[in-house]
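Visitor: Sharing a model prediction with you, sequence too.
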Amino acid sequence: MLTLTNACIIDPEAGTETLGAVRIEDGLISEILPASTEGIDCKGKYIAPGIIDIGVKIGEPGERHKESFRTAGLAAAAGGVTTMVTRPDTTPAIDTPEILDFFRRRAADASPVNVLPMAALTKGREGTEMAEIGFLQDAGAVAFTDADRPVTNPKILQRILTYASASNALVIAHVQEPVLSNGACVTSGPFATKQGLPAVSPIAERIQLERDMALVEMTGAKYHADQITCAAALPVLERAKAIGLNVTAGVSIHHLTLNEFDVEDYRTFFKVKPPLRSEDDRLAVVQAVADGLIDIISSMHTPQDEESKRLPYEEAASGAVGLQTMLPALMQLVHGGHMDLPTLFRAISLNPAKLLGLKNGRMSAGAPADLILFDPDAPFVMDRFKLLSKSKNTPFDGRRMQGKVLKTFVAGNQVF
């Protein structure tokens, strides 16, 4: 038994912030109390459901030098992430029950936080042959995705969505039209022209989303767009939801807090996929999260080693680490008045739990005691070398930030 008292409790389901105490017993929240005279004094700091981060890249198997289960788990715990939903873009890809079984056993042995694996949508993530979705579901896959590789053939995707619909499998897609996006590393516009870098229009996102929504309407599949990053795609998403399609969407912390001008010095830590957008796009997507049109925020944690990043911008690998920087980056939106804390935790805890059918993400009796205690106002300067991930490729290096995780609990056990 454990009681956390004198805390401001964030309830994303009720949309409230209230002063009280949380009692934990046998790994579950047993009671929310208005006050308690015993237990750990939280000194008025904030308690919220732990973050469920969809789209985390782990380097095992194949790229352990970039990130291991142990280092990712430690970074997640320090960042308030209590559940990592991992991508299958490993080497080899997680496209068979045998590889998935290895992945799950390694996760159970090494990670202090929960790990829920996604499996590949197609064999080898090559987009030509459907993976063994039924067997992978039985082996523990919570969703299916080819990560940053869209399935280019609509006939193949239609077959996959039809099968996924029949087996109630969640399909997660990367909505960037691959031909238009091929070779591009920035968003098109006057700034991209000035920089002299190959660019892609945000319309590439809308085109791919339009195609996918038509196929979802045809098949009735359960579908999640991993990252919606531009204003042009929002009406497509809104229409899909309005006609009742089983569709959700996410966005990364980087597209919510950075824009295209951040790549002015050709710093490759700012090279992500999709590329950073205009400030107008960023603000439109922030508003879409606040309004609930975009359901989920994730870190899109993509570790890259120094050799992959210390290259000319066009040649450098895409991606940034985000497990440990996610919460302080998002505090920028709260302190800027774009959304309140219950709205934020709806997007990073409650909605991911609902999408995956989990009981987590809630502050109510019977919910798993996966919790974080944090100070939203604590100032600090981000030092990438203090991050616990093996790779240190964060665009927030040297930035003044606010928001520190003080304690992290998984099933009532303190892991940070």
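Guide: Yes, it's here.
Visitor: For Gly73, grab phi and psi.
Guide: phi -60, psi -40 (degrees, to the nearest 10).
Visitor: Tell me who's in contact with it.
Guide: Shown in contact with Gly73 (C-beta atoms under 8 Å, 6 or more residues apart in numbering): 84, 110-113, 115. From N, CA and C alone the C-beta is placed, and that goes for glycine too.
Visitor: In helices, which of those fall?
Guide: The helices in this structure, assigned by DSSP state H, contain Ala110 from the contacts of Gly73.
Visitor: Pipe the contacts of Gly73 into TSV and attach neighbour count and distance to Ile228 per row.
Guide: Listed next are the contacts of Gly73 as TSV, based on neighbours: other C-beta atoms under 10 Å; distance: C-beta to C-beta, whole Å:
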residue	neighbour count	distance to Ile228
Met84	29	21
Ala110	17	33
Ser111	23	29
Pro112	18	31
Val113	27	26
Val115	21	25
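Visitor: Output the contacts of Gly73 in JSON lines, with pLDDT and distance to Ala76 appended to each entry.
Guide: Below are the contacts of Gly73 laid out as JSON lines (pLDDT from 0 to 100; distance: C-beta to C-beta, whole Å):
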{"residue": "Met84", "pLDDT": "98", "distance to Ala76": "5"}
{"residue": "Ala110", "pLDDT": "96", "distance to Ala76": "12"}
{"residue": "Ser111", "pLDDT": "97", "distance to Ala76": "8"}
{"residue": "Pro112", "pLDDT": "97", "distance to Ala76": "8"}
{"residue": "Val113", "pLDDT": "98", "distance to Ala76": "5"}
{"residue": "Val115", "pLDDT": "98", "distance to Ala76": "9"}
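Visitor: Name the nearest of the contacts of Gly73 relative to Pro61.
Guide: Of all the contacts of Gly73, Ala110 has the smallest distance to Pro61: 12.9 Å, by C-beta to C-beta.
Visitor: burial measure for the nearest residue to the closest one once chain neighbours are set aside, as a count.
Guide: Distance criterion C-beta to C-beta, 6 or more residues apart in numbering; nearest residue to Ala110, sequence neighbours excluded, is Phe69 at 3.8 Å. By other C-beta atoms under 10 Å, the residues close to Phe69 number 23.
Visitor: Gln332: what's it in contact with?
Guide: 257, 401-402.
Visitor: Show me which residues of the strand or helix carrying it are buried.
Guide: In this structure, Gln332 sits in helix 326-335 according to DSSP states H and E. Residues 326-334 are the ones in helix 326-335 that count as buried (16 or more other C-beta atoms under 10 Å).
Visitor: again with stretch 304-313
Guide: 304-305, 308-309, 313.
Visitor: now, the most widely separated pair of the residues you listed?
Guide: Spanning the widest gap among the buried residues of stretch 304-313 are Asp305 and Tyr313, at 16.9 Å by C-beta to C-beta.
Visitor: for the buried residues of stretch 304-313, which one is nearest Phe269?
Guide: Nearest to Phe269 out of the buried residues of stretch 304-313 is Lys309 (C-beta to C-beta; 6.6 Å).
Visitor: returning to what we had before: so after the helix holding Gln332, what's the next helix or strand?
Guide: Reading on from helix 326-335 to the C-terminus, the next helix or strand found by DSSP H and E is helix 341-345.
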